[in-house]
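K.L.:
predicted model follows, preceded by the sequence.
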Amino acid sequence: MSMFKFTSSQQSAIQTFEDFLKDESQVLVLRGAAGTGKTTLLKEFIAILQKEHRGFGLMAPTGRAAHIISEKTGANAST
C-alpha cells in the first residue's frame, strides 16, 4: 500500500474496493468530480490488485480520459 496520506473519503473508497474484491461483483465504477483524487485511488487499487496477482481492466468514458489515466497510473486504459 501507498505511504500517501489518504482523506477519509479516499480511505472509505479503498475499503469499498477491498470489500468489492471479496464479493462476486464483476464491475466497480469509480466516479467523482475533478480533483477529488480518483487517479490517486486508481493507483492504490492497481497496487492492491498487483499485490494479489489479480487481473484488471481500466476503462474511461473518452479516449482522452483513458490516455490520461494510462499516463498517470502506468497501466493501460481503454474506452
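P.N.:
Okay, I see it. Numbering: from 1, shown residues only.

K.L.:
show me where pLDDT drops low in this structure?
P.N.:
By pLDDT under 70, the low-scoring segments of the chain are 1-3.

K.L.:
helices of that one, start to end?
P.N.:
In the chain, the helices defined using DSSP state H lie at 8-22, 38-51, 63-73.

K.L.:
against which helices or strands is the longest one packed?
P.N.:
So that's helix 8-22. Other helices and strands packing on helix 8-22, by 3 or more CB pairs under 8 Å, 6 or more residues apart in numbering; DSSP states H and E, are helix 38-51. All C-beta spots, glycine's among them, are computed from the backbone N, C-alpha and C.

K.L.:
okay, the angle between the helix it packs on and helix 8-22?
P.N.:
Helix 38-51 and helix 8-22 meet at an angle of 30 degrees, taking axes from the mean of the first three to the mean of the last three CA atoms, to 10 degrees as the criterion.

K.L.:
can you offset everything so residue one is 758?
P.N.:
Fine by me, first position is 758 from now on; the one you just mentioned is helix 795-808.

K.L.:
just put the helices of the chain in TSV and tack on distance to residue 787 and mean neighbour count.
P.N.:
Converted to TSV, the helices of the chain look like this (distance: least, CB to CB, whole Å; neighbours: other CB atoms under 10 Å):
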stretch	distance to residue 787	mean neighbour count
helix 765-779	7	13
helix 795-808	6	16
helix 820-830	10	14
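
K.L.:
okay, those helices in JSON lines with distance to residue 785 next?
P.N.:
Output for the helices of the chain, formatted as JSON lines (distance: least, CB to CB, whole Å):
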{"stretch": "helix 765-779", "distance to residue 785": "5"}
{"stretch": "helix 795-808", "distance to residue 785": "8"}
{"stretch": "helix 820-830", "distance to residue 785": "14"}
